[in-house]
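S.K.: sequence? don't have it. structure:
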(Lines give C-alpha, C1' and ligand atoms only; values in the text may rest on other atoms or scores of the structure.)
Protein backbone atom coordinates (compact mmCIF):
# COMPACT_ATOMS: atom_id res chain seq x y z
CA UNK A 1 0.00 0.00 0.00
CA UNK A 2 1.72 3.12 -1.24
CA UNK A 3 1.07 6.71 -0.31
CA UNK A 4 2.01 10.03 -1.83
CA UNK A 5 2.40 11.48 1.65
CA UNK A 6 5.86 10.30 2.66
CA UNK A 7 5.14 6.70 3.67
CA UNK A 8 4.09 3.30 2.39
CA UNK A 9 3.52 -0.26 3.62
CA UNK A 10 5.62 -2.82 1.77
CA UNK A 11 4.56 -6.39 0.98
CA UNK A 12 6.31 -7.74 4.09
CA UNK A 13 4.34 -5.58 6.51
CA UNK A 14 7.03 -2.91 7.05
CA UNK A 15 5.88 0.65 7.36
CA UNK A 16 8.45 2.74 5.49
CA UNK A 17 8.58 6.42 6.35
CA UNK A 18 10.63 8.17 3.65
CA UNK A 19 9.41 11.75 3.33
CA UNK A 20 7.26 14.43 4.87
CA UNK A 21 4.19 13.03 6.62
CA UNK A 22 1.42 15.55 7.32
CA UNK A 23 -0.42 14.47 10.45
CA UNK A 24 -1.67 17.65 12.08
CA UNK A 25 -5.10 16.13 12.73
CA UNK A 26 -4.31 12.41 12.94
CA UNK A 27 -1.59 9.94 12.07
CA UNK A 28 -2.44 8.75 8.53
CA UNK A 29 -1.37 5.11 8.89
CA UNK A 30 -3.61 4.26 11.83
CA UNK A 31 -6.06 2.71 9.40
CA UNK A 32 -3.54 -0.01 8.54
CA UNK A 33 -2.13 -0.46 12.06
CA UNK A 34 -3.15 -4.13 12.21
CA UNK A 35 -0.97 -4.92 9.18
CA UNK A 36 2.27 -3.34 10.43
CA UNK A 37 4.97 -5.71 11.70
CA UNK A 38 7.98 -3.39 11.48
CA UNK A 39 8.81 0.29 11.03
CA UNK A 40 11.72 1.60 8.96
CA UNK A 41 12.47 5.31 9.03
CA UNK A 42 14.53 6.54 6.09
CA UNK A 43 16.85 9.52 5.88
CA UNK A 44 14.91 12.75 5.48
CA UNK A 45 11.73 11.44 7.12
CA UNK A 46 9.75 14.19 8.77
CA UNK A 47 6.48 14.29 10.71
CA UNK A 48 4.34 17.02 12.19
CA UNK A 49 3.84 15.31 15.53
CA UNK A 50 5.16 12.48 17.71
CA UNK A 51 2.20 11.76 19.98
CA UNK A 52 0.54 8.42 19.18
CA UNK A 53 2.76 8.17 16.11
CA UNK A 54 3.01 4.37 16.23
CA UNK A 55 0.34 3.67 18.86
CA UNK A 56 -1.81 0.59 18.53
CA UNK A 57 0.56 -1.35 16.26
CA UNK A 58 -0.43 -4.65 17.84
CA UNK A 59 1.99 -6.74 15.78
CA UNK A 60 4.99 -4.40 15.72
CA UNK A 61 8.23 -6.20 16.60
CA UNK A 62 11.00 -3.93 15.24
CA UNK A 63 11.68 -0.22 14.76
CA UNK A 64 14.72 0.90 12.79
CA UNK A 65 16.11 4.31 11.85
CA UNK A 66 14.54 6.46 14.54
CA UNK A 67 17.63 8.66 14.37
CA UNK A 68 16.37 9.77 10.94
CA UNK A 69 13.02 10.97 12.25
CA UNK A 70 12.56 14.70 12.80
CA UNK A 71 9.66 17.04 13.35
CA UNK A 72 8.87 19.79 10.89
CA UNK A 73 10.57 23.09 11.61
CA UNK A 74 8.51 25.17 14.00
CA UNK A 75 6.22 22.27 14.81
CA UNK A 76 5.13 21.91 18.43
CA UNK A 77 4.77 18.18 17.77
CA UNK A 78 8.36 17.57 18.86
CA UNK A 79 7.42 18.56 22.41
CA UNK A 80 4.80 15.86 22.87
CA UNK A 81 5.73 12.18 22.59
CA UNK A 82 2.70 10.99 24.54
CA UNK A 83 1.66 7.40 23.76
CA UNK A 84 4.13 7.31 20.88
CA UNK A 85 4.39 3.51 21.11
CA UNK A 86 1.39 2.81 23.36
CA UNK A 87 -0.25 -0.55 22.84
CA UNK A 88 2.60 -2.07 20.81
CA UNK A 89 2.00 -5.39 22.53
CA UNK A 90 4.74 -7.40 20.79
CA UNK A 91 7.57 -4.85 20.78
CA UNK A 92 10.46 -6.31 22.80
CA UNK A 93 13.23 -3.77 22.26
CA UNK A 94 13.44 -0.12 21.31
CA UNK A 95 16.60 1.86 20.56
CA UNK A 96 16.28 5.58 21.24
CA UNK A 97 20.03 6.16 21.57
CA UNK A 98 20.25 8.49 18.57
CA UNK A 99 16.67 9.77 18.62
CA UNK A 100 16.39 13.53 19.14
CA UNK A 101 14.45 14.05 22.37
CA UNK A 102 15.91 17.47 23.14
CA UNK A 103 12.52 19.21 22.84
CA UNK A 104 10.25 16.56 24.35
CA UNK A 105 8.31 17.93 27.32
CA UNK A 106 5.70 15.19 27.62
CA UNK A 107 6.24 11.44 27.40
CA UNK A 108 2.96 10.55 29.04
CA UNK A 109 2.23 6.87 28.38
CA UNK A 110 5.00 6.74 25.76
CA UNK A 111 5.37 2.94 26.11
CA UNK A 112 2.15 2.22 27.94
CA UNK A 113 0.96 -1.38 27.56
CA UNK A 114 4.02 -2.51 25.62
CA UNK A 115 3.52 -5.85 27.31
CA UNK A 116 6.57 -7.61 25.88
CA UNK A 117 9.01 -4.71 26.17
CA UNK A 118 12.22 -5.91 27.81
CA UNK A 119 14.87 -3.40 26.82
CA UNK A 120 14.86 0.34 26.19
CA UNK A 121 18.07 2.02 25.03
CA UNK A 122 17.58 5.58 26.18
CA UNK A 123 18.85 8.60 24.23
CA UNK A 124 22.42 9.66 24.99
CA UNK A 125 21.32 13.22 25.81
CA UNK A 126 18.34 11.99 27.83
CA UNK A 127 15.17 14.05 28.02
CA UNK A 128 16.52 17.44 29.18
CA UNK A 129 13.19 19.29 28.82
CA UNK A 130 10.88 16.49 30.00
CA UNK A 131 8.22 17.69 32.43
CA UNK A 132 5.53 15.01 32.29
CA UNK A 133 6.20 11.27 32.17
CA UNK A 134 3.09 9.89 33.85
CA UNK A 135 2.50 6.26 32.91
CA UNK A 136 5.58 6.21 30.68
CA UNK A 137 6.12 2.45 31.19
CA UNK A 138 2.75 1.59 32.68
CA UNK A 139 1.81 -2.00 31.95
CA UNK A 140 5.25 -2.99 30.58
CA UNK A 141 4.97 -6.36 32.26
CA UNK A 142 8.24 -7.82 30.99
CA UNK A 143 10.52 -4.92 31.93
CA UNK A 144 13.08 -6.26 34.42
CA UNK A 145 15.26 -3.31 35.42
CA UNK A 146 15.59 0.43 34.91
CA UNK A 147 18.26 3.07 35.52
CA UNK A 148 16.43 6.30 36.30
CA UNK A 149 19.56 8.41 35.94
CA UNK A 150 19.79 7.36 32.29
CA UNK A 151 16.44 9.04 31.68
CA UNK A 152 18.32 12.33 31.97
CA UNK A 153 15.28 14.35 33.00
CA UNK A 154 16.33 16.99 35.56
CA UNK A 155 13.14 19.00 34.93
CA UNK A 156 10.72 16.12 35.45
CA UNK A 157 7.68 17.11 37.50
CA UNK A 158 5.21 14.26 37.00
CA UNK A 159 6.27 10.63 37.45
CA UNK A 160 2.85 9.31 38.42
CA UNK A 161 2.11 5.71 37.33
CA UNK A 162 5.60 5.59 35.79
CA UNK A 163 6.11 1.84 36.41
CA UNK A 164 2.53 0.98 37.31
CA UNK A 165 1.83 -2.74 36.87
CA UNK A 166 5.35 -3.54 35.67
CA UNK A 167 4.86 -6.92 37.28
CA UNK A 168 8.27 -8.38 36.31
CA UNK A 169 10.28 -5.34 37.37
CA UNK A 170 12.72 -6.43 40.08
CA UNK A 171 15.37 -3.70 40.23
CA UNK A 172 15.43 0.08 39.83
CA UNK A 173 18.37 2.43 40.36
CA UNK A 174 18.11 6.10 41.27
CA UNK A 175 21.86 6.51 41.76
CA UNK A 176 22.86 9.81 40.15
CA UNK A 177 19.27 10.67 39.18
CA UNK A 178 18.25 14.31 39.39
CA UNK A 179 14.71 14.56 40.75
CA UNK A 180 14.69 17.98 42.38
CA UNK A 181 11.71 19.28 40.40
CA UNK A 182 9.48 16.26 40.97
CA UNK A 183 6.01 17.25 42.21
CA UNK A 184 4.11 13.96 42.06
CA UNK A 185 5.20 10.34 42.36
CA UNK A 186 1.66 9.06 42.80
CA UNK A 187 1.40 5.31 42.10
CA UNK A 188 4.91 5.33 40.65
CA UNK A 189 5.56 1.66 41.54
CA UNK A 190 1.94 0.60 42.01
CA UNK A 191 1.53 -3.12 41.49
CA UNK A 192 5.24 -3.87 40.97
CA UNK A 193 4.73 -7.12 42.83
CA UNK A 194 8.21 -8.54 42.07
CA UNK A 195 10.21 -5.42 42.84
CA UNK A 196 12.87 -6.37 45.37
CA UNK A 197 15.51 -3.66 45.22
CA UNK A 198 15.55 0.10 44.73
CA UNK A 199 19.10 1.45 44.96
CA UNK A 200 19.79 5.11 45.56
CA UNK A 201 16.29 5.75 46.84
CA UNK A 202 17.77 7.33 49.97
CA UNK A 203 19.27 10.11 47.83
CA UNK A 204 16.08 11.07 46.04
CA UNK A 205 15.45 14.82 45.93
CA UNK A 206 11.89 14.97 47.26
CA UNK A 207 11.58 18.51 48.60
CA UNK A 208 8.95 19.60 46.05
CA UNK A 209 6.85 16.44 46.03
CA UNK A 210 3.22 17.06 46.99
CA UNK A 211 1.70 13.68 46.19
CA UNK A 212 3.14 10.32 47.29
CA UNK A 213 -0.15 8.43 47.26
CA UNK A 214 0.16 4.77 46.31
CA UNK A 215 3.81 5.16 45.34
CA UNK A 216 4.77 1.68 46.61
CA UNK A 217 1.32 0.12 46.85
CA UNK A 218 1.29 -3.65 46.36
CA UNK A 219 5.09 -3.91 46.12
CA UNK A 220 4.75 -7.22 47.92
CA UNK A 221 8.40 -8.33 47.71
CA UNK A 222 10.03 -5.03 48.68
CA UNK A 223 11.71 -5.79 52.00
CA UNK A 224 13.89 -2.69 52.40
CA UNK A 225 13.25 0.97 51.67
CA UNK A 226 15.80 3.58 52.74
CA UNK A 227 13.57 6.64 52.84
CA UNK A 228 14.30 7.86 56.38
CA UNK A 229 15.99 11.07 55.20
CA UNK A 230 13.45 12.10 52.59
CA UNK A 231 12.43 15.76 52.61
CA UNK A 232 8.63 15.52 52.90
CA UNK A 233 7.91 19.13 53.83
CA UNK A 234 5.73 19.71 50.73
CA UNK A 235 3.74 16.47 50.86
CA UNK A 236 -0.03 16.93 51.00
CA UNK A 237 -1.25 13.45 50.06
CA UNK A 238 0.21 10.12 51.19
CA UNK A 239 -2.77 7.82 50.76
CA UNK A 240 -1.90 4.09 50.58
CA UNK A 241 1.78 5.01 50.24
CA UNK A 242 3.09 1.69 51.61
CA UNK A 243 -0.17 -0.28 51.49
CA UNK A 244 0.25 -3.92 50.59
CA UNK A 245 4.04 -3.97 51.05
CA UNK A 246 3.78 -7.41 52.60
CA UNK A 247 7.55 -7.86 53.13
CA UNK A 248 8.32 -4.39 54.49
CA UNK A 249 8.73 -5.16 58.18
CA UNK A 250 11.21 -2.34 58.92
CA UNK A 251 10.23 1.18 57.96
CA UNK A 252 11.70 4.34 59.44
CA UNK A 253 9.71 7.54 58.88
CA UNK A 254 10.44 9.02 62.29
CA UNK A 255 12.53 11.87 60.88
CA UNK A 256 9.97 12.96 58.33
CA UNK A 257 8.54 16.46 58.66
CA UNK A 258 5.05 16.74 57.16
CA UNK A 259 3.54 20.10 58.13
CA UNK A 260 1.30 20.21 55.05
CA UNK A 261 -0.01 16.65 55.10
CA UNK A 262 -3.78 16.52 54.62
CA UNK A 263 -4.62 12.89 53.83
CA UNK A 264 -2.91 9.70 54.97
CA UNK A 265 -5.67 7.27 54.10
CA UNK A 266 -4.47 3.65 54.25
CA UNK A 267 -0.86 4.84 54.39
CA UNK A 268 0.56 1.76 56.17
CA UNK A 269 -2.30 -0.68 55.65
CA UNK A 270 -1.43 -4.35 55.38
CA UNK A 271 2.27 -3.98 56.10
CA UNK A 272 4.06 -6.21 58.68
CA UNK A 273 5.55 -3.30 60.64
CA UNK A 274 5.70 -3.70 64.42
CA UNK A 275 6.31 -0.10 65.38
CA UNK A 276 5.55 3.26 63.80
CA UNK A 277 6.97 6.57 65.01
CA UNK A 278 5.31 9.67 63.58
CA UNK A 279 6.55 11.91 66.37
CA UNK A 280 8.46 14.32 64.15
CA UNK A 281 5.79 14.88 61.54
CA UNK A 282 4.46 18.08 63.08
CA UNK A 283 1.42 18.03 60.84
CA UNK A 284 -1.48 20.36 61.63
CA UNK A 285 -3.51 20.17 58.40
CA UNK A 286 -4.36 16.47 58.58
CA UNK A 287 -8.01 15.70 57.80
CA UNK A 288 -8.19 12.03 56.87
CA UNK A 289 -6.51 9.09 58.65
CA UNK A 290 -8.98 6.45 57.51
CA UNK A 291 -7.57 2.90 57.39
CA UNK A 292 -4.11 4.28 58.14
CA UNK A 293 -2.98 1.05 59.89
CA UNK A 294 -5.76 -1.19 58.66
CA UNK A 295 -4.74 -4.85 58.69
CA UNK A 296 -1.37 -4.28 60.39
CA UNK A 297 -1.68 -7.47 62.43
CA UNK A 298 1.88 -7.29 63.83
CA UNK A 299 1.76 -3.64 64.87
CA UNK A 300 2.46 -3.23 68.59
CA UNK A 301 3.12 0.47 69.09
CA UNK A 302 2.37 3.79 67.42
CA UNK A 303 4.00 7.01 68.64
CA UNK A 304 2.33 10.24 67.51
CA UNK A 305 4.39 12.52 69.73
CA UNK A 306 2.86 15.99 69.93
CA UNK A 307 1.03 15.78 66.60
CA UNK A 308 -2.00 18.08 66.38
CA UNK A 309 -4.88 15.82 65.35
CA UNK A 310 -7.65 18.30 66.04
CA UNK A 311 -8.39 18.75 62.33
CA UNK A 312 -8.98 15.06 61.67
CA UNK A 313 -12.56 14.42 60.56
CA UNK A 314 -12.27 10.88 59.21
CA UNK A 315 -10.57 7.97 60.96
CA UNK A 316 -12.78 5.02 60.13
CA UNK A 317 -10.93 1.72 60.28
CA UNK A 318 -7.74 3.47 61.37
CA UNK A 319 -6.59 0.54 63.54
CA UNK A 320 -8.98 -2.07 62.19
CA UNK A 321 -7.48 -5.53 62.63
CA UNK A 322 -4.44 -4.39 64.64
CA UNK A 323 -4.81 -7.35 66.96
CA UNK A 324 -1.31 -7.02 68.47
CA UNK A 325 -1.52 -3.27 69.16
CA UNK A 326 -0.59 -2.63 72.78
CA UNK A 327 0.38 1.03 73.00
CA UNK A 328 -0.52 4.39 71.51
CA UNK A 329 1.66 7.32 72.58
CA UNK A 330 0.35 10.85 72.07
CA UNK A 331 0.80 14.17 73.90
CA UNK A 332 -0.74 16.71 71.52
CA UNK A 333 -4.28 17.77 70.67
CA UNK A 334 -6.36 14.74 69.87
CA UNK A 335 -9.12 13.90 67.40
CA UNK A 336 -11.67 16.11 69.09
CA UNK A 337 -13.70 16.94 65.96
CA UNK A 338 -13.88 13.50 64.42
CA UNK A 339 -17.04 12.73 62.44
CA UNK A 340 -16.47 9.25 61.07
CA UNK A 341 -14.95 6.74 63.48
CA UNK A 342 -16.55 3.46 62.41
CA UNK A 343 -14.29 0.49 63.24
CA UNK A 344 -11.62 2.85 64.58
CA UNK A 345 -10.28 0.28 67.06
CA UNK A 346 -12.14 -2.72 65.66
CA UNK A 347 -10.52 -5.97 66.83
CA UNK A 348 -7.73 -4.27 68.83
CA UNK A 349 -7.94 -7.00 71.46
CA UNK A 350 -4.50 -6.26 72.95
CA UNK A 351 -5.06 -2.54 73.48
CA UNK A 352 -5.78 -1.88 77.15
CA UNK A 353 -5.24 1.88 77.23
CA UNK A 354 -5.80 4.87 74.94
CA UNK A 355 -4.14 8.17 75.96
CA UNK A 356 -6.45 10.75 77.47
CA UNK A 357 -7.68 13.14 74.82
CA UNK A 358 -6.45 11.04 71.88
CA UNK A 359 -9.98 10.76 70.54
CA UNK A 360 -13.33 12.29 71.44
CA UNK A 361 -16.25 10.37 69.96
CA UNK A 362 -19.05 12.72 71.03
CA UNK A 363 -19.53 14.09 67.49
CA UNK A 364 -18.72 10.87 65.66
CA UNK A 365 -21.12 8.78 63.63
CA UNK A 366 -21.25 5.05 64.46
CA UNK A 367 -19.34 5.74 67.67
CA UNK A 368 -20.48 2.47 69.19
CA UNK A 369 -18.76 0.52 66.42
CA UNK A 370 -15.49 2.39 66.96
CA UNK A 371 -14.71 0.39 70.09
CA UNK A 372 -15.96 -3.02 68.92
CA UNK A 373 -13.59 -5.78 70.04
CA UNK A 374 -11.34 -3.35 71.93
CA UNK A 375 -11.02 -3.64 75.72
CA UNK A 376 -9.64 -0.10 76.20
CA UNK A 377 -12.15 2.36 77.71
CA UNK A 378 -13.04 5.18 75.32
CA UNK A 379 -15.02 8.40 75.79
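M.R.: Looks like it arrived, so ask away. Note that the structure is a prediction, hence the values are computed from the model and not measured.
S.K.: Does residue 159 touch residue 182 like I think?
M.R.: Yes: judged on CB atoms under 8 Å, residue 159 makes contact with residue 182 at a distance of 6.1 Å. Where you see a C-beta, it was placed from the backbone N, CA and C, and this is true even at glycine.
S.K.: Looking at those two, which is more packed in?
M.R.: Taking other CB atoms under 10 Å, residue 159 and residue 182 do not tie; residue 159 has more neighbours (26 against 23).
S.K.: give me every residue that touches that one.
M.R.: Remark: with contacts taken as CB atoms under 8 Å, 6 or more residues apart in numbering, residue 159 is in contact with 133-134, 179, 182, 184-185, 188.
S.K.: Check residue 219 too.
M.R.: 189, 192-193, 195, 244-245, 248.
S.K.: Can you redo the residues you listed as TSV, where the extra columns are distance to residue 168?
M.R.: Formatted as TSV, these follow (distance: CB to CB, whole Å):
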residue	distance to residue 168
189	13
192	9
193	9
195	9
244	18
245	18
248	20
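S.K.: Now tabulate the residues you listed in JSON lines and tack on distance to residue 348, neighbour count and secondary structure.
M.R.: Output for the contacts of residue 219, formatted as JSON lines (distance: CB to CB, whole Å; neighbours: other CB atoms under 10 Å; DSSP: H, G, I helix; E, B strand; the rest coil):
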{"residue": "189", "distance to residue 348": "30", "neighbour count": "25", "secondary structure": "coil"}
{"residue": "192", "distance to residue 348": "31", "neighbour count": "26", "secondary structure": "coil"}
{"residue": "193", "distance to residue 348": "29", "neighbour count": "18", "secondary structure": "coil"}
{"residue": "195", "distance to residue 348": "31", "neighbour count": "23", "secondary structure": "coil"}
{"residue": "244", "distance to residue 348": "21", "neighbour count": "21", "secondary structure": "coil"}
{"residue": "245", "distance to residue 348": "22", "neighbour count": "26", "secondary structure": "coil"}
{"residue": "248", "distance to residue 348": "22", "neighbour count": "20", "secondary structure": "coil"}
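S.K.: now the contacts of residue 159: which count as buried?
M.R.: Buried members of the contacts of residue 159, counted by 16 or more other CB atoms under 10 Å: 133-134, 179, 182, 184-185, 188.
S.K.: Where helices are concerned, which of those count?
M.R.: Counting by DSSP state H, none of the members of those fall within helices.
S.K.: Which residues does the helix or strand of the chain with the lowest mean pLDDT contact?
M.R.: Counting by mean pLDDT, DSSP states H and E, the chain has its least confident helix or strand at helix 367-370, which shows a mean of 83. Residues from elsewhere that reach helix 367-370, judged by CB under 8 Å, 6+ apart: 341-346, 359, 361, 364, 378.
S.K.: re earlier: quick one: which of the buried ones among the contacts of residue 159 is nearest residue 258?
M.R.: residue 185 (14.9 Å; CB to CB).
S.K.: re the thing from before, quick check: the two most widely separated of the buried ones among the contacts of residue 159?
M.R.: So, the buried ones among the contacts of residue 159 by CB to CB: farthest apart are 134 and 179, at 14.7 Å.
S.K.: that older thread, ok, so of the contacts of residue 219, who is nearest residue 337?
M.R.: The closest of these, once distances to residue 337 are taken by CB to CB, is residue 244, at 30.1 Å.
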